[in-house]
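Student: Give me a model of this one.
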Amino acid sequence: MGKHSRPGPPNQPSRAVPSVGGGDRFAAYDKRRRAPVDVWRRHRPLHGEGSHLRPGEPRVLEEWNGFSYELVGTARNLAQAQQWVNERNEGSA
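Tutor: Got it, this is the predicted structure:
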């Protein structure tokens, strides 16, 4: 057995990549338009570095628009940014 061969019968599709619906012509297009890992809102530090560093510094708030993340505002600190992200998650549930 080779170094990179996957276990299982050779006639089965790979389980590593989810299949795209055969009946839906736009399934591949819809898959590309999904937010990465279904993260619709995110925040990041205004001046870079890790999000856990300097929790008192301002954050950039970004929201997925169906194609890419776009800037929608700023937050004063990490706690306020996390609250903004969680508002969307609670409202959609």
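Student: Sort out which residues of stretch 61-70 are buried, please.
Tutor: 61-64, 69 (16 or more other C-beta atoms under 10 Å). C-betas here are computed from N, CA, C, even on glycine.
Student: Save the residues you listed as CSV, and put in secondary structure and distance to Phe26 too.
Tutor: Listed next are the buried residues of stretch 61-70 as CSV, based on DSSP: H, G, I helix; E, B strand; the rest coil; distance: C-beta to C-beta, whole Å:
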residue, secondary structure, distance to Phe26
Leu61, strand, 30
Glu62, strand, 26
Glu63, strand, 23
Trp64, strand, 18
Tyr69, strand, 22
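Student: quick check, nearest of those to Arg41?
Tutor: Among the buried residues of stretch 61-70, Glu63 lies closest to Arg41 (C-beta to C-beta), at 5.2 Å.
Student: Would you mind measuring from that closest one to Asn86?
Tutor: As for Glu63, its distance to Asn86 is 14 Å (criterion: C-beta to C-beta, to the nearest Å).
Student: For the buried residues of stretch 61-70, give me a markdown table that also has distance to Tyr29 and pLDDT.
Tutor: Below are those laid out as a markdown table (distance: C-beta to C-beta, whole Å; pLDDT from 0 to 100):
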| residue | distance to Tyr29 | pLDDT |
| --- | --- | --- |
| Leu61 | 27 | 93 |
| Glu62 | 23 | 92 |
| Glu63 | 21 | 90 |
| Trp64 | 16 | 85 |
| Tyr69 | 19 | 87 |
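Student: and the next element down the chain from the lowest-mean-pLDDT helix or strand in the chain?
Tutor: When the helices and strands of the chain are scored by mean pLDDT, DSSP states H and E, helix 27-33 comes last with a mean of 72. Counting by DSSP states H and E, the next helix or strand C-terminal to helix 27-33 is strand 41-45.
Student: List the buried residues of that following strand.
Tutor: Buried, per 16+ other C-beta under 10 Å, within strand 41-45: 41-43, 45.
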